[in-house]
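J.: sequence-free structure coming up:
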């Protein structure tokens with residue numbers, strides 16, 4: 001069988017919404033998901049090392065991040081539903097065959113996520129009880145490892161989606177009497193490793209931007225010494241993440257992109273997008289650099305907004321690259337559309353309500369910090 005015969009058959013019902021609607025919320029949902037997701041992806045490891053090896057102020061930073069981690073994980077999981085929903089709808093022809101090939105690792109994400117979530121709670125219980133025992137610490141390290149493995153499995157699934165030409169070989173290696181065993185991983189794909197590692201670099205940068213934002217808006221009780229330390233610490237972390245992102249991104253672009261992808265992304269308006277994507281993590285780095293001796297609310301907000309924009313631009317670029325890869329096998333924009341208004345309206349209303357609630361929660365947190373600061377002075 002050729003690669004074209006391995007993709008799923010067309011859905012006779014067509015798309016329930018226009019393609020632009022599906023891909024817009026796929027990209028937006030991923031951006032909203034990636035912001036909190038990055039904080040557990042890279043932040044838990046950094047927090048555990050800071051608490052283990054760092055000084056008093058590093059321990060304060062670690063405690064502040066980890067005490068909020070249960071909420072951060074909950075936000076990341078819920079926002080993650082949005083891109084997963086739309087990728088299954090718009091890219092069903094390649095999503096389902098890819099995840100069937102790696103069914104067991106894909107299904108394993110659910111129990112791993114459950115264990116990791118409970119592990120975070122156990123660690124935070126130890127922190128808040130001022131009695132952080134060995135098993136609390138072990139739970140934190142296990143959670144960090146599980147989140148990393150889950151990220152690797154997701155990178156496998158989404159890179160395998162576009163590696164249609166490699167499906168046949170993977171099936172031949174992992175089948176029994178013609179039935180796929182569901183044990184395949186896309187480790188032979190040269191694009192997997194740099195795109196996975198590139199995401200880790202972007203996650204490290206996100207932890208840095210969060211650090212100055214938290215210190216500026218929510219750490220009034222920690223004092224000026226901590227705020228000065230947080231700015232310098234965030235600069236060091238972001239510099240590491242920036243160099244990591246740049247090296248892995250260069251490997252990904254110049255070492256693994258096929259000629260057609262490189263030609264398309266390096267021409268016309270896409271060239272500007274590619275350039276902006278490459279330099280985007282440097283924008284929050286600049287705002288953090290200005291805070292190396294102490295954070296301010298205006299610059300911290302600019303750094304956080306810049307990091308959000310960097311994630312969004314990367315998401316747009318990755319979507320375009322994904323479409324170029326798939327253009328050899330499927331035309332995702334050519335599916336017939338039969339609009340189903342009732343689920344669209346329900347989704348939009350619930351999405352708007354959810355975002356409004358999150359904004360309200362953030363404003364309440366800022367208000368609570370201001371009251372706390374007023375009482376302290």
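T.: Cool, the structure landed. Computed from a predicted structure; not experimentally measured.

J.: Name the surrounding residues that touch stretch 168-179.
T.: For stretch 168-179, the external contacting residues (C-beta atoms under 8 Å, 6 or more residues apart in numbering) are 1, 3, 6, 101, 160, 180, 181, 182, 183, 184, 186, 188. Where C-beta positions appear, they are placed from N, C-alpha and C, glycine not excepted.

J.: And stretch 285-304, by the same measure?
T.: With contact meaning C-beta under 8 Å, 6+ apart, stretch 285-304 is reached by 205, 208-210, 212-213, 215-217, 224, 227-228, 230-232, 234-235, 238-239, 242, 284, 306.

J.: Show me which positions of that stretch end up buried.
T.: Of the residues in stretch 285-304, those scored as buried under the neighbour-count criterion (16 or more other C-beta atoms under 10 Å) are 285, 287-291, 294-296, 299-300, 302-304.

J.: and if you look at stretch 307-323?
T.: Under 16+ other C-beta under 10 Å, the buried positions of stretch 307-323 are 307-318, 320-323.

J.: Next one: the nearest residue to residue 183 once chain neighbours are set aside relative to residue 244, how far apart?
T.: Leaving out its chain neighbours, the residue that sits closest to residue 183 by C-beta to C-beta, 6 or more residues apart in numbering is residue 174, at 5.0 Å. Using C-beta to C-beta, to the nearest Å, we find residue 174 at a distance of 32 Å from residue 244.

J.: Looking at these two, which is more packed in?
T.: Summary of the neighbour comparison: residue 174 and residue 244, criterion other C-beta atoms under 10 Å, with residue 244 having more neighbours (20 against 17).

J.: State the helix or strand in which the more buried one lies.
T.: Assigned by DSSP states H and E, residue 244 belongs to helix 224-256.

J.: Show me the shaky parts of this protein.
T.: Applying pLDDT under 70 to the chain picks out residues 1-4, 369, 372-377.

J.: the helices in the stretch 201-350 of the chain, which residues?
T.: With DSSP state H, counting those that start in this stretch as the definition, the stretch 201-350 of the chain shows helices at residue ranges 224-256, 259-265, 268-279, 282-289, 297-326, 341-376.

J.: what sits up against stretch 354-370?
T.: In contact with stretch 354-370 (C-beta under 8 Å, 6+ apart) are residues 75, 78, 217, 218, 219, 220.

J.: Neighbour count and distance to residue 145 for those - can I get that in JSON lines?
T.: Converted to JSON lines, those look like this (neighbours: other C-beta atoms under 10 Å; distance: C-beta to C-beta, whole Å):
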{"residue": "75", "neighbour count": "19", "distance to residue 145": "21"}
{"residue": "78", "neighbour count": "14", "distance to residue 145": "23"}
{"residue": "217", "neighbour count": "18", "distance to residue 145": "31"}
{"residue": "218", "neighbour count": "17", "distance to residue 145": "28"}
{"residue": "219", "neighbour count": "20", "distance to residue 145": "29"}
{"residue": "220", "neighbour count": "20", "distance to residue 145": "34"}
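
J.: which two in the buried residues of stretch 307-323 are spaced the farthest apart?
T.: The largest separation in those, counting by C-beta to C-beta, is between 307 and 323 at 25.1 Å.

J.: can I assume residue 76 is in contact with residue 36?
T.: Yes: judged on C-beta atoms under 8 Å, residue 76 makes contact with residue 36 at a distance of 3.8 Å.

J.: These two - which one has more neighbours?
T.: When neighbours are counted by other C-beta under 10 Å, residue 36 comes out ahead of the other of residue 76 and residue 36, with 24 against 20.

J.: In contact with the more buried one, which residues?
T.: 72, 73, 75, 76, 79.

J.: again, only this time at 6 Å
T.: Residues in contact with residue 36 (C-beta atoms under 6 Å, 6 or more residues apart in numbering) are 72, 75, 76.

J.: what does the helix or strand hosting the first one rub up against?
T.: The one in question is residue 72. For residue 72, the element it lies in under DSSP H and E is helix 69-90. For helix 69-90, the surrounding residues in contact (C-beta under 6 Å, 6+ apart) are 22, 25-26, 29-30, 32-33, 36-37, 39-40, 95, 117, 120-121.

J.: which one of the residues you listed is nearest residue 144?
T.: Each of the contacts of helix 69-90 was scored against residue 144 by C-beta to C-beta, and residue 40 proved nearest at 8.2 Å.
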